[in-house]
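Visitor: fold the following for me, if possible:
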Amino acid sequence: MLKIVVLGSAAGGGFPQWNCNTEACRSARKGEALARTQSSIAVSGDGTHWFLFNASPDLRQQINATPQLHPNHGLRTSPIAGVVLTNADVDHVAGLLTLRESMPLVLYATDRVLATLKANSIFSVLNPDFVERRAIVLGENFEPVTTAGEASGLIVEPFPVPGKVALYLEDPDAGDNFGTEQGDTVGVRVTSAESGEYFFYIPGCAEVPADLVGRLRGAPLVLFDGTLWQDNEMIDAGIGVKTGKRMGHISMSGEDGSMAAFRDLDVGRKIYIHINNSNPTLLDDTPERQEVEAQGWKISHDGMEITL
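Guide: Predicted structure coming up:
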């Protein structure tokens, strides 16, 4: 059995974003549209020990909103046993600072991402006497362990996906890819060791090449990058200067978008996550939301629970 809770469903900045005054963000502030925190999920194989996949800047708020993650015995405790990082983006690592109160857990990430954390001394607040950092190898399964060092019942396979190095690590002299290397952005397949049920979590992805198509075909569940509806939407809306491709994100729509890429993959459940505040699919009554749903997709929301 796999239990999944969407802790946060929005892209960096959340929805509404603090400095965004679009009609959609105003609606979210007034409670007319569903507000969302920055993307992260929690996964458990036994309903007792939970693992975070990415640590959002909104993590404290997300924990408070999620009963499964509340301390449940003793005066200083947590069911959170570990964190798996899919990249070093601020909206996926800043929440690690929330986990600084000398609580045992294990942090899993690629060598590239761990090196980034090591180079920034602020992450030293994660006391190494309590927080172990373990490197994960692309294409190799690992089993996260509980705080007692026991098997978690989860098998995780990290694999590379097209993406981009984190914004604050970009090297403008490195060419069109800004110094991006394999391991900067990963997806994960998470499998129940007991039942064999599995799903994919890919919150950041720039395109869907043939190898990823083969990997995802026939999957029972995929949580996938839903950052933008169309590549130029932030520019067209007057709230940004970058395209989705420049940021390392595939768009939902268009013949080179994710809906087209998934059309013949026979994926059981397709759910968008990491959705930008500019994306019209955040609103229930838009034509874009209707088109997404007509293509068999769901738009994730904070607190969404899934059991496999």
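Visitor: what bits of this protein have low per-residue confidence?
Guide: Confidence mapping of the chain against pLDDT under 70 gives the ranges 167, 170-171, 173-179, 244.
Visitor: swap in 90 and give it another go.
Guide: For the chain, the stretches flagged by pLDDT under 90 are 1, 72-76, 101-102, 146-151, 162-184, 231-232, 234-249.
Visitor: alpha carbons of the host helix or strand of residue 245, as CSV, please.
Guide: Applying DSSP states H and E as the criterion places residue 245 in helix 244-247. Presented in CSV, the C-alpha positions along helix 244-247 are these (Å, rounded to 0.1, in the frame of the first residue of the first chain):
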residue,chain,number,x,y,z
GLY,A,244,8.7,28.2,-19.6
LYS,A,245,11.5,26.6,-21.6
ARG,A,246,13.9,29.2,-20.3
MET,A,247,12.9,28.1,-16.8
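Visitor: which strands or helices does the next helix or strand after it pack on?
Guide: Using DSSP H and E, the helix or strand that follows helix 244-247 in sequence is helix 258-262. Packing partners of helix 258-262 (3 or more Cβ pairs under 8 Å, 6 or more residues apart in numbering; DSSP states H and E): strand 221-225. In short, each C-beta sits where N, CA and C put it, glycine included.
Visitor: can you rerun that using 10 Å?
Guide: Packing partners of helix 258-262 (3 or more Cβ pairs under 10 Å, 6 or more residues apart in numbering; DSSP states H and E): helix 210-216, strand 221-225, strand 269-273, helix 287-294, strand 297-299.
Visitor: ranking those by burial, who's on top?
Guide: strand 221-225 (a mean of 25; mean count of other Cβ atoms under 10 Å).
Visitor: partner strands of it and their direction?
Guide: Strand 221-225 has the following strand partners under DSSP bridges: strand 198-202 (parallel), strand 269-273 (parallel).
Visitor: would you list the helices and strands packed on helix 258-262 in TSV and tack on distance to residue 262?
Guide: What follows is the helices and strands packed on helix 258-262, written out as TSV (distance: least, Cβ to Cβ, whole Å):
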stretch	distance to residue 262
helix 210-216	8
strand 221-225	8
strand 269-273	6
helix 287-294	11
strand 297-299	8
